[in-house]
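Asks: fold the following and give me the result.
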Amino acid sequence: MNVHFIAIGGAAMHNLAIALHLKGYNVTGSDDEIFDPAKSRLAKYGLLPKEEGWHTERITNNLDAIVLGMHARADNPELLKAQELGLRIYSYPEYLYEQSKDKTRVVIGGSHGKTTTTAMILHVLAHAGIEADYMVGAQLEGFEVMVRLSETAKVMVIEGDEYLTSPIDRRPKFHVYLPNIAVVTGIEWDHVNVFPTFDIYKDQFAQFMNLIRPDGTLIYCADDAVVREVAEANKRTDIAKLPYDVPQYEVRDGVTSLIGCNGERTPLKVFGRHNLLNMTAARLVCRTLGVSDELFNEAISTFGGASKRLELVKKNDHCAVYKDFAHAPSKLRATIHAMHEQYPDRKLVACMELHTFSSLTQEFLKQYHGTMEEADIRFVYYSKHALQLKKLPDLDPSQVQAAFGDGVQVFTDSNAMVAELKRMQWNGANLLMMSSGNFDGIDFNHLADELLV
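Replies: Numbering: from 1, shown residues only. Got it, this is the predicted structure:
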């Protein structure tokens, strides 16, 4: 098979390209800019284009398929050439479906918790010796690539993003996968540039539930009122519906343990109510795939978390520094609560970066009110340059402060924020850095080294 990737440098795209290369396909690709880690990883497998840019001469009738990335525009010259030649053009979600249409597809959807839940499922299946293909949105310990495709696996586990499929396909990605087992972890308005109202956004999940294959299974978070509302409004009788809530647990001496129905305890490496919800979703998926609860507990006790999801950067006896991908309002609240619950005797300093299109939108900012209240010291950072890149109106720090509520200090210079952190005393205090970015270049490991002295 000869497959060409238009915009091969994307996070999902380059991983799919590597997966097909490892499967034995002949893979080529183009992009107008490729950054690390994609650049280094493509080079490792001999897939990095010799030069950047779009090259229509690479689009020929010898290609069996074109995979089109979201970074490409509808007027991309390679895309236009492929359309002219009548080549089969897939978005990467469509190509994942094409590769998995004869497998049992497990699709994890939700505004938050998708990556962690997917990672937990894969960790348990690997421990149980169940071969699975997958697509996950973060690098996982013990997994070389973020996408795996094979001829032999009977199951494929897919992190189901609700963002658009491609420049020429305006469906949400998770509408393409047609799951046999579907999970919905939470519904909280996001991607406001695509879904201008919460009702429109919420409807994407209602449609997702209707796309479950007959005799399939819907696993949904009953702890989330919106998810519960959407799931209960679904009247399908040809699928099983499995709601889940927070399992029984305890936190003792800085360790969170699950408590079984007979009082048995399973100590965990991860913590936080939101992670326990994700874990219960993963348990129900694995149970549906034939994994016993005993084997699940044995496996999950060794799960160390997904990259950047409440990830420990560094700690000593009196301070710990964590980073988290949190940017949605409910995720901020949940992550801060998890830190407070796990370390009740320590002061918590929480820093959050407004980084996504939604979070930098004046109307959406109101959703953040009160989300950082459990932190003792609250910093919010955003870049004026990011507003310009996203072509959004300017934000005044006073607007951000008013949106979050009293006690929040707002920064537009990350160096000034770091300087303030360095002036603090860290004996008996923890630092939590929350962003889908990196606060404009902060090296979290270096910062931790400077604080933990």
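Asks: average model confidence for the helix or strand Thr115 falls within?
Replies: Taking DSSP states H and E as the criterion, Thr115 maps to helix 114-128. Averaging pLDDT along helix 114-128 gives 95.
Asks: summarise which helices and strands it is packed against.
Replies: strand 104-109, strand 132-135, strand 155-160, helix 273-288, helix 293-300 (3 or more Cβ pairs under 8 Å, 6 or more residues apart in numbering; DSSP states H and E). No exception for glycine: its C-beta is placed from N, CA and C like everyone else's.
Asks: tell me what angle it forms with helix 273-288.
Replies: Going by axes from the mean of the first three to the mean of the last three Cα atoms, to 10 degrees, helix 114-128 is angled at 40 degrees with respect to helix 273-288.
Asks: mind checking how far helix 114-128 is from the chain centre?
Replies: 13 Å (Cα atoms, centre = their mean, to the nearest Å).
Asks: that one vs helix 293-300, what angle?
Replies: Using the same axes, to 10 degrees: helix 114-128 against helix 293-300 is 110 degrees.
Asks: what's the angle from helix 114-128 to strand 104-109?
Replies: 150 degrees.
Asks: enumerate every residue touching the most centrally placed residue in the chain.
Replies: Ranked by distance to the mean C-alpha position of the chain (Cα atoms, centre = their mean), the top residue is Thr115 at 4.3 Å. Going by Cβ atoms under 8 Å, 6 or more residues apart in numbering, Thr115 touches Val136, Gly137, Ala138, Glu159, Ala306, Arg309, Phe325.
Asks: neighbours of the nearest residue to the third one once chain neighbours are set aside, how many?
Replies: So that's Ala138. Spatial nearest neighbour of Ala138, chain neighbours left out: Ser307 (4.3 Å); criterion: Cβ to Cβ, 6 or more residues apart in numbering. By other Cβ atoms under 10 Å, 16 other residues sit near Ser307.
Asks: what about Ser307, which SS state?
Replies: coil (DSSP: H, G, I helix; E, B strand; the rest coil).
Asks: and if you look at the one 5 residues further on?
Replies: Reducing the assignment at Leu312 to three states with three-state DSSP gives strand.
Asks: and it, what does it touch?
Replies: Ala320, Val321, Tyr322.
Asks: buried set for the helix or strand hosting Arg170?
Replies: Per DSSP H and E, Arg170 falls inside strand 169-172. Buried residues in strand 169-172, counted by 16 or more other Cβ atoms under 10 Å: Asp169, Arg171, Pro172.
Asks: next one: it to chain centre, how far?
Replies: 19 Å.
Asks: what do you get for stretch 409-416?
Replies: 26 Å.
Asks: show me what counts as buried in it.
Replies: Within stretch 409-416, the residues scored as buried using 16+ other Cβ under 10 Å are Val410, Phe411, Thr412, Ser414.
Asks: kindly report the same for stretch 221-228.
Replies: Cys221, Asp223, Asp224, Val226, Val227, Arg228.
Asks: just the ones in helices from these, please.
Replies: Counting by DSSP state H, the buried residues of stretch 221-228 place Val226, Val227, Arg228 in helices.
Asks: dig out what Met135 forms beta bridges with.
Replies: When assigned by DSSP bridges, Met135 has beta-bridge partners Val147, Ile158.
Asks: can you count the residues close to it?
Replies: Each residue near Met135 was counted by other Cβ under 10 Å, and the total is 28.
Asks: can I get the contacts of Thr115 in TSV with distance to Phe296, neighbour count and pLDDT?
Replies: Below are the contacts of Thr115 laid out as TSV (distance: Cβ to Cβ, whole Å; neighbours: other Cβ atoms under 10 Å; pLDDT from 0 to 100):
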residue	distance to Phe296	neighbour count	pLDDT
Val136	19	27	91
Gly137	22	21	78
Ala138	21	20	74
Glu159	20	25	96
Ala306	17	27	79
Arg309	19	24	84
Phe325	25	22	87
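Asks: relative to Trp189, which of those residues is nearest.
Replies: Checking the contacts of Thr115 against Trp189 by Cβ to Cβ gives Phe325 as the nearest, at 17.6 Å.
Asks: quick one, what contacts the nearest residue in space to that closest one that is not next to it in sequence?
Replies: Residue nearest to Phe325 in three dimensions, not counting chain neighbours: Lys308, with 4.7 Å by Cβ to Cβ, 6+ apart. Taking Cβ under 8 Å, 6+ apart, we find Lys308 in contact with Ala138, Lys323, Asp324, Phe325.
Asks: I figured the third one hits Ala306, correct?
Replies: No - the pair Asp324 and Ala306 does not pass the contact test of Cβ atoms under 8 Å, sitting 10.5 Å apart.
Asks: hang on, the earlier thing: sort out for me which of the buried residues of stretch 409-416 are in helices.
Replies: Ser414.
Asks: keep only those of the buried residues of stretch 409-416 that are in strands.
Replies: Within the buried residues of stretch 409-416, residues falling in strands by DSSP state E are Val410, Phe411.
Asks: turn the buried residues of stretch 409-416 into CSV, columns for pLDDT and distance to Ala43.
Replies: Listed next are the buried residues of stretch 409-416 as CSV, based on pLDDT from 0 to 100; distance: Cβ to Cβ, whole Å:
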residue, pLDDT, distance to Ala43
Val410, 97, 40
Phe411, 97, 36
Thr412, 96, 36
Ser414, 95, 30
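Asks: circling back to that earlier point, what distance do you get for the residue nearest to the centre of the chain to Asp102?
Replies: 26 Å (Cβ to Cβ, to the nearest Å).
Asks: repeat for Leu395
Replies: 49 Å.
Asks: so the two - more neighbours on which side?
Replies: A direct count of neighbours by other Cβ under 10 Å for Leu395 and Asp102 places Leu395 higher, at 20 against 8.
Asks: who's in contact with the more buried one?
Replies: Contacts of Leu395 (Cβ under 8 Å, 6+ apart): Leu360, Gln362, Leu365, Tyr382, Leu387.
Asks: 10 Å instead, please
Replies: Neighbouring residues of Leu395 by Cβ atoms under 10 Å, 6 or more residues apart in numbering: Leu354, Leu360, Thr361, Gln362, Leu365, Tyr382, Lys384, Ala386, Leu387, Ala403, Val410, Thr412.
Asks: can I take it that Phe143 is in a helix?
Replies: No - under the criterion used here (three-state DSSP), Phe143 is coil, not part of a helix.
Asks: what ranges do the strands span in the stretch 251-400 of the chain?
Replies: For the stretch 251-400 of the chain, applying DSSP state E, counting those that start in this stretch gives strands covering 255-259, 265-267, 311-315, 320-324, 347-354, 377-382.
Asks: pull out the buried positions in the third one.
Replies: Of the residues in strand 311-315, those with enough neighbours to count as buried (16+ other Cβ under 10 Å) are Glu311, Val313, Lys314.
Asks: what about the first one, distance to Val270?
Replies: For Glu311, the distance to Val270 equals 10 Å [Cβ to Cβ].
Asks: overlap in contacts, those two.
Replies: Residues touching both Glu311 and Val270 (Cβ under 10 Å, 6+ apart): Gly304, Gly305.
Asks: residues in contact with the closest residue in space to Val400 that isn't next to it in sequence?
Replies: Take Val400 and drop its neighbours on the chain: the residue closest to it by Cβ to Cβ, 6+ apart is Val410, 4.8 Å away. Applying Cβ under 10 Å, 6+ apart to Val410 gives the contacts 354, 378-382, 395-404, 417.
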